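Student: when you get a sec, could you give me coordinates for this:
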Amino acid sequence: MMQQQNLDVQKQEQQKSKIQEQERRSSTILGIAIICYIIIYIYNYVDNLLDTTHNFIALRAIFSLIWITINTFVIICSIIWTRAIKRQKKEWMNDYGQLITATVIRGTWYLIVIEWRDPETKKAYRYEIPGSRFQNPMPIWIDPNDPKFCYANRGHPRLIET
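Tutor: Prediction:
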């Protein structure tokens, strides 16, 4: 019985670690792809401004089109991957997480700050969630053993204070 519980906890932690690693990778890849997209756009813009000779215009246009197509594909795949990770996290939270209700501390047009106080330890946790629409109190899923690992139906909450 005890061995089974240990195996379940170990499986739960492995799934959680996998989700966290995928979140980090997808964010990094998406960020790099967006930066590359911006760099190519700026390069093409400046190159067109500075180009006085019209040599190799077709070749540069084809190269730019191919690069932008590949980059757009990477960005779209990263967005799909991020959504799949969010779905995995939601499933993990449904199986192992705890649904809590946090109080909205403040909300701006781009960010909501919420606070939840652990009833057992009386420790307060504050999270930032991107977005402007909110309800008070706001439901959020957390890992009871690690409140930093959390999920909300919108945005990606981030623990800012304990």
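
Student: SS state for the nearest residue to Asp143 once chain neighbours are set aside?
Tutor: Of all residues not flanking Asp143 in the chain, Phe149 sits nearest, at 4.1 Å (CB to CB, 6 or more residues apart in numbering). (Each C-beta comes from the backbone N, C-alpha and C, glycine too.) Three-state assignment for Phe149 (DSSP: H, G, I helix; E, B strand; the rest coil): strand.

Student: the one 4 residues further on now?
Tutor: Assigned with three-state DSSP, Asn153 falls in the coil class.

Student: okay, it: pLDDT?
Tutor: Per-residue pLDDT puts Asn153 at 76.

Student: now it. Nearest residue, chain neighbours left out?
Tutor: Excluding the flanking residues, the one nearest Asn153 by CB to CB, 6+ apart is Pro139, at 7.5 Å.

Student: same thing with Arg117?
Tutor: Ala124 (4.9 Å).

Student: for Gln98, see how far away the one you found is.
Tutor: Ala124 sits 16 Å away from Gln98, going by CB to CB, to the nearest Å.
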